[in-house]
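Return a 3D structure for these sequence lines:
(chains A, B and C)
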Amino acid sequence: MSTKPSVARVVLESRLPQLDRLFDYSIPEGMVVTPGVRVKVPLRSSQKNTTGFVVEVASHSSHAGALVPLGDVVSAVPVLAPEIWRLARAVADRQAGNAADILRLAIPPRYVRAEKLWRDRGQPTAVPAIEMQSLLEYSEDELEGLVAPGSRWALTTPWGVDHSPAGEPRPRGATVVAQLAARALAAGGSSVIVVPDWRDLEAHHQALREVISDDGIVLWDSDKVGSERYTEFLRCLSGNPVVVIGNRHAVYAPVVNLRLLVVLDDADDAHREPLAPYPHTRNVALVRQQQTECSLVFAGLAPSMAVWRLHSMGFLGLVEPRKAQRPQVVPTALSVNAERDLRPARLPGIAHQGATEALREGPVLVQVFRAGYSSALACAQCGERGLCSRCHGPLRIGSHGAPPSCAWCATLYARWRCEACNHSVMVPRGQGIGRTVSDFGKAFPKVPVIQSDGQHRVHTVSDSPAIVVATRGSEPLAVGGYRAALLLDGQAMLSRESIGALEDTLSHWEHALSLVRPEGTVYLTEVEGQPALAVASGKYGPLMNAELREREALRLPPSIRLASVSGPSAALTDIASRISSLDASVDVLGPVAMGEGGGRIIIRFPYAIGDRVTAELRAVHLGHISRQRRGVPDRVRIVVDDTGQLDEFAGSE
DNA sequence: AGCACGCCGACT
DNA sequence: GTCGGCGTGCTC
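Numbering: from 1, shown residues only, chains lettered A, B, ... in the order given. Predicted coordinates for the structure are as follows:
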């Protein structure tokens, strides 16, 4: 009997939970098969060939039946690194989903041309140039500690704006992260930096390029065209340590010798994976850190609830900037003024005065909540809703200057008359950004007003006096830093019916603060109590601890884990009973009806029994697949640890 | 997903 | 007697 490897264990690229296990195939004589390569394999039942990845080669199979020979090797490039396979398996188990779905996120589609070019070019020989700098805000010990193998951190990034040699402004935090990556690379280790959106990607890429030469940087950008994505992916496999900077899928980058894993702004919605099995970057990163013993850094201006929980448990160390470049914050809620003058209705006197003074020297930021120009319209005279006379759909303003149109049937209304009072002027309903812009234009007639929102985002503003009205998240960077900022809609942001309202609000406040000069002043209107105290002092601990205690009492995340299951009602009752019989600490909310014969339940369970619950969920899911009747379209869908599901659940009740 | 296997009603 | 309905189960 020969002992040479003749069996390939393959994970199939199939979305079916029934096929989410390894299949053994015999390796035909003369075929060169290494772990990680993509292969074509026959599946007897579904006559068609599928593809898969070789996870390992062995000399014996534990499969009782005869082995079918492997089809073809698609490419000799081992695109599935053993480390990534382990990660995919663990993440899939955690999410009660299948590993192939994770691999779909982790391994970009193959481009033959890109692969040829990469192979012909060969391995880069030069070691990337690294420029390490010391930082004002953190000691050298702290920086080294942040990249120490096996360590885990919540890192508060500094406020303020840095500039590239070309004068491009960018958040100071990007400089700090770049220095961490430089230290990891100098120690011979790779870094993976996962950021929420393309703006952060650009800023961090820029900061990295200033300290690490391009051959040491991999840009993992899902917005790139496929061939470029594949090229960058292959560069991770080249055998040399690199720094990968990218958005959420970059967390799966198959780098060699991972030393540092950074997740920026983990509370940002962009870290929620919209594809099954919906793994959140934060959770993938936690699994990967556990498996590889790299250092893990959750970086941001304000901690998320989940990160704060891990910190308060002692699981994450906290590192904060030493030299606070944080501007002074004045909560104005206690100094409400009664006089009526030309100032915007929402703006207290002290903030108005501060803005007036600051505007003599430079730009002032006004942060508002509503996204975009309030799209719904109402009669300016009587307030009646603007509705389409044809189909009764809501009228909207699309772009600036364009006439109103119906959101349903797209009829244009160049000349509109209110049905109630025959008035001819419409205004946005509610407090849109357009309203704020016009209010400030009236209150400060000599100063230009710049508007930035989701649709029309302004990247940077100059150092000359201007009022910059921006929706939260769309604040332009000011070249010289803002002289002052007004945070207008804090109360509305805080009182949203969303579990993420607090952390989201804190992070947007801190972001606005970070764009203001250290000697500037930030005025926070309307907000009182603990949130106002926290942002004024910059000490979030008491507020976060209180919030955590409350969530523990209410059994809300992140103090417990969540799974939501939607599907046919019969399946839900079965799943609910099987899961809740697992342990007394599990409880089930619902079911809430959702459409024809279907509904949704929410399962709450403690972290300690997480593995058992997700494994059982998977087993129950499989059971319901085989019982599924044809023609019934609503399948069972399981979403694990997505707080957005809780918001939707609350909204549907 | 596909596809085969398998056990009950109306047909040459 | 058989052709074929689609419920159930398997895929190395």
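
For the rest of this, base every contact and every neighbour count on C-alpha atoms.
Noted.

hang on, isn't A:Gly386 packed against A:Pro394?
Yes: under the criterion of Cα atoms under 8 Å, A:Gly386 makes contact with A:Pro394 at 6.3 Å.

With neighbour numbers in mind, choose between those two.
More neighbours surround A:Gly386 than the other of A:Gly386 and A:Pro394, with 27 against 21 (other Cα atoms under 10 Å).

Can you tell me how far the more buried one is from A:Gly590?
As judged by Cα to Cα, to the nearest Å, A:Gly386 and A:Gly590 stand 38 Å apart.

on contacts alone, who are the packing partners of the helix or strand containing A:Asp101?
Following DSSP states H and E, one finds A:Asp101 within helix A:99-106. On a contact count with 3 or more Cα pairs under 8 Å, 6 or more residues apart in numbering; DSSP states H and E, helix A:99-106 meets helix A:82-94.

got the angle for the helix it packs on vs helix A:99-106?
Taking axes from the mean of the first three to the mean of the last three Cα atoms, to 10 degrees, one finds helix A:82-94 and helix A:99-106 inclined to each other by 120 degrees.

Confirm that A:Arg517 sits in a strand.
Yes: judged by DSSP: H, G, I helix; E, B strand; the rest coil, A:Arg517 forms part of a strand.

give the contact list for it.
The contact partners of A:Arg517, by Cα atoms under 8 Å, 6 or more residues apart in numbering, come to A:160, A:325-327, A:480-484.

Of those residues - the most surrounded one?
Going by other Cα under 10 Å, A:Tyr482 tops the contacts of A:Arg517 with 36 neighbours.

so that residue bridges to which residues?
Beta-bridge partners of A:Tyr482, counted by DSSP bridges, are A:Val516.

quick one: it and A:Val364 touch, right?
Yes: the criterion here is Cα under 8 Å, and A:Tyr482 meets it with A:Val364 at 5.4 Å.

Mind checking which residue lies nearest the centre of chain A?
A:His271 (2.0 Å; Cα atoms, centre = their mean).

For it, which non-adjacent residue is closest in space?
A:Thr281 (5.3 Å; Cα to Cα, 6 or more residues apart in numbering).

and if you look at A:Thr51?
A:Lys40 (4.4 Å).

Restricting to C-alpha, output the helix or strand harbouring the one you found in CSV.
Here A:Lys40, judged by DSSP H and E, is contained in strand A:38-42. The C-alpha coordinates for strand A:38-42 follow below in CSV (Å, rounded to 0.1, in the frame of the first residue of the first chain):
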residue,chain,number,x,y,z
ARG,A,38,-9.3,25.5,-6.7
VAL,A,39,-10.5,22.3,-8.3
LYS,A,40,-13.4,21.1,-10.4
VAL,A,41,-15.1,18.1,-8.9
PRO,A,42,-17.9,15.8,-10.0
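
how distant is that strand from the center of its chain?
Its chain's average C-alpha position is 34 Å from that of strand A:38-42, according to Cα atoms, centre = their mean, to the nearest Å.

With stretch A:567-586 instead?
Offset of stretch A:567-586 from its chain centre (Cα atoms, centre = their mean): 30 Å.

Show me which residues of it are buried.
By neighbour count on 16 or more other Cα atoms under 10 Å, the buried set for stretch A:567-586 is A:567-569, A:571-573, A:575-576, A:579-580, A:586.

Mean confidence (pLDDT) on it, please.
Mean per-residue pLDDT for stretch A:567-586: 92.

Same check on stretch A:239-254?
97.

Now the terminal residues of it, how far apart.
Using Cα to Cα, the two ends of stretch A:239-254 sit 10 Å apart.

before we move on, back to that, could I get the contacts of A:Arg517 as CSV with distance to A:Arg89 and pLDDT?
Formatted as CSV, the contacts of A:Arg517 follow (distance: Cα to Cα, whole Å; pLDDT from 0 to 100):
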residue, distance to A:Arg89, pLDDT
A:Gly160, 40, 94
A:Gln325, 43, 82
A:Arg326, 43, 92
A:Pro327, 46, 94
A:Gly480, 48, 89
A:Gly481, 46, 94
A:Tyr482, 47, 97
A:Arg483, 50, 97
A:Ala484, 49, 97
